[in-house]
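Trainee: structure of the sequence below:
(chains A, B, C and D)
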2 protein chains.
Amino acid sequence: MGITRSDLFSKQQNGLANMAKAIAHPARIAILQHLKKANSCICGDLVDELGLAQATISQHLKELKTAGLIQGTVEGTSVCYCIHPGNWKKFREQFAGFFTDVNLDSNTSCCS
Amino acid sequence: MGITRSDLFSKQQNGLANMAKAIAHPARIAILQHLKKANSCICGDLVDELGLAQATISQHLKELKTAGLIQGTVEGTSVCYCIHPGNWKKFREQFAGFFTDVNLDSNTSCCS
DNA sequence: TTCCTTTATTGCAATATTACGATAAAGATA
DNA sequence: TATCTTTATCGTAATATTGCAATAAAGGAA
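Mentor: Next up, the predicted model:
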């Protein structure tokens, strides 16, 4: 249907899925990589950097901000974006926690 | 448009975005958590475990298999799924690599 | 063989996402 | 004030995703 049955899953599961969704687009990956690399916060030059329209970039920035991954500061007529260090760390921890080692022992596992 | 302009981004960026997309749904998170916890590979009981229809589960399993996160073995009339340890590790490494620490120094950064 | 069980696939319908032009909003500048 | 620059939002079109009923496919069991 296009709608996700979030009611069937735990808060943690929905949360992690939403975190993944926040970075599930190459433009958002590129924006984050650029912000991280630049250290100094980039504003509108993201539009020049990536080849997407200004409206599209703005939309992606909004999603990243909603997810908590970035924050924006108005600087006169332009806006300065940067990574939100605290939430960035939370994302790392969540994914690291999820992808911990699998210890499949051959006795109980059907996969060799 | 609903279509993603993958042509504008690097292979690495598209790859990471696709990895994120693979786990960007609570049902797929739940399936992976269940497979990981069970160690022994669960087959059709995922349908009972989660509250989704069999067709829906099968579809999510297919996406996880396409992403390389799981593998399936036919066992008579049923199919036994389990986590693909090698790719699981690759996912972990990719996410860990992406979410490395930000060192924003206050000189070049506009965000306090 | 005929059922039964299990899983995959097909065919929708509904919602979500992506992209962009047009335009609004807000501040700087002449 | 009028204009320019920058960013956000609106409206719209196209594609993607999600979910499920129905059905097919493939083995096992009777």
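
Trainee: closest residue of chain A to DNA strand C?
Mentor: residue A:2 (2.0 Å; C-beta to the nearest atom of the strand). C-beta coordinates here come from the backbone N, C-alpha and C atoms, glycine included.

Trainee: tell me the SS of that residue?
Mentor: Assigned state for residue A:2: coil (three-state reduction, DSSP: H, G, I helix; E, B strand; the rest coil).

Trainee: any idea of the pLDDT on it?
Mentor: We note a pLDDT of 83 for residue A:2 in this prediction.

Trainee: from chain B, how far out is it?
Mentor: 11 Å (C-beta to the nearest C-beta, to the nearest Å).

Trainee: what does residue A:67 give?
Mentor: To chain B, residue A:67 is 12 Å away according to C-beta to the nearest C-beta.

Trainee: next up, the contacts around the closest residue to that residue other than its chain neighbours.
Mentor: The spatially closest residue to residue A:67, leaving aside those adjacent along the chain, is residue A:22, at 3.6 Å (C-beta to C-beta, 6 or more residues apart in numbering or on different chains). Going by C-beta atoms under 8 Å, 6 or more residues apart in numbering or on different chains, residue A:22 touches A:28, A:63-64, A:66-67, A:69.

Trainee: what residues does chain A put near DNA strand D?
Mentor: Taking C-beta under 7 Å from any atom of the strand as the contact definition, chain A meets DNA strand D at A:1-5, A:43-44, A:47, A:54-55, A:58-59, A:61-62, A:72, A:77-79.

Trainee: buried subset of those residues?
Mentor: A:4, A:43, A:61, A:72 (16 or more other C-beta atoms under 10 Å in any protein chain shown).

Trainee: those in strands, which ones?
Mentor: residue A:72 (DSSP state E).

Trainee: now for the buried ones among the residues of chain A next to DNA strand D, which pair is the farthest apart?
Mentor: The largest separation in those, counting by C-beta to C-beta, is between A:4 and A:43 at 33.4 Å.

Trainee: now the helices for chain A?
Mentor: A:11-22, A:26-38, A:45-49, A:54-67, A:85-98 (DSSP state H).

Trainee: return the member of these having the minimum mean pLDDT.
Mentor: helix A:45-49 (a mean of 91).

Trainee: that older thread, out of the contacts of residue A:22, which is most surrounded?
Mentor: Within the contacts of residue A:22, neighbour counts (other C-beta atoms under 10 Å in any protein chain shown) peak at residue A:64, which reaches 24 neighbours.

Trainee: please name the nearest non-neighbouring residue to it.
Mentor: The shortest distance from residue A:64 to any non-neighbouring residue, by C-beta to C-beta, 6+ apart, is to residue A:70 (4.6 Å).
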